[in-house]
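*Asks:* One predicted model, sequence on top.
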Amino acid sequence: MNDPCNKPAGSAFVQSVLDLKPRLAVFDCDGTLWAGDAGEAFFYWAMEHGLMTPDVAAWAVYRYRDYKAGKVDEETMCGEMVTIHAGFSVEELERGAEEFFKEKIAMHIFPPMQELTLELGKRGCEVWAVSSTNEWVVRAGARRFGISPDHVLAACAAIEDGRCSSRLLMVPTDEGKAVALRERFADGAIDAAFGNTVHDVAMLSLARRAFAISPDAGLESIARERGWTVYEPERDSTR
């Protein structure tokens, strides 16, 4: 069993995962594949770039403050951060998400994690991204890791006549991540899972091998108890 106190360097970590020869690997995104909270950053970016109406934006600012104060739960807030874009076309949202990711998040990608996902794909491993951030942002980021759009499970709403609606379809957070994965894969099918917060524990628990990537205090404590590998990915200062 791996000692979670042992935090390997980038190349050693990548090789240690590749040596497991996983056939199916699932990755959280914010804080796991890249640093920071892309969902929160897109929330403010979208406001500034007109991807929500003024009335909705005014409401959303106060709603998000309530969430940060603990008055709104994680699943509810993540869902509302999708439906605030109701009425906007998929084309507008996808274009905005790509522009946002390139401008605000791409420089925060963890190079070892990008190397790992790309190499896993080359070796025939099925790689999935699972996130409570909206699907437009997650897909924009995931493609940089060789993860195809149809291998993304993210917060999403029904699309009606090419536009985002207010009808939520999925918010993969906490147990919701495990539920989304169980709907697609048989028990025991997931060889490796990677996450960074306590909201990933249910997903990590499904895998034969779990990896806590730059974990928050809650997840690191659980990782120590369960013998999960802890890894602090290096950042590329030249990006």
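*Replies:* Here it is on my side, so go on.

*Asks:* tell me the contacts of the most centrally placed residue in the chain?
*Replies:* Nearest to the mean C-alpha position of the chain, by CA atoms, centre = their mean, lies Cys29 at 2.6 Å. Cys29 makes contact with Ala38, Ala129, Val130, Ser131, Thr133, Val138, Gly141, Ala142, Ala154, according to CB atoms under 8 Å, 6 or more residues apart in numbering. (Glycine included, C-beta is placed from N, CA and C.)

*Asks:* Out of the residues you listed, the closest to Gly227 would be?
*Replies:* Closest approach to Gly227 among these (CB to CB): Val130, at 22.2 Å.

*Asks:* can you give me phi and psi for that closest one?
*Replies:* phi -130, psi 120 (degrees, to the nearest 10).

*Asks:* count of neighbours near the residue lying closest to it once chain neighbours are set aside?
*Replies:* The spatial neighbour of Val130 that comes closest, neighbours along the chain excluded (CB to CB, 6 or more residues apart in numbering), is Leu153 at 4.6 Å. By the criterion of other CB atoms under 10 Å, Leu153 has 22 neighbours.

*Asks:* from what I can see Leu153 touches Trp128, true?
*Replies:* Yes - between Leu153 and Trp128 there is a contact under CB atoms under 8 Å: 6.6 Å.

*Asks:* what do those two both touch?
*Replies:* With CB under 8 Å, 6+ apart, Leu153 and Trp128 have common neighbours Leu181.

*Asks:* Serialize the contacts of Cys29 to a markdown table and add fields for distance to Tyr64, secondary structure and neighbour count.
*Replies:* Putting the contacts of Cys29 into a markdown table (distance: CB to CB, whole Å; DSSP: H, G, I helix; E, B strand; the rest coil; neighbours: other CB atoms under 10 Å) gives the following:
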| residue | distance to Tyr64 | secondary structure | neighbour count |
| --- | --- | --- | --- |
| Ala38 | 15 | helix | 27 |
| Ala129 | 24 | strand | 27 |
| Val130 | 23 | strand | 26 |
| Ser131 | 18 | strand | 29 |
| Thr133 | 14 | strand | 27 |
| Val138 | 19 | helix | 29 |
| Gly141 | 21 | helix | 27 |
| Ala142 | 24 | helix | 25 |
| Ala154 | 19 | strand | 25 |
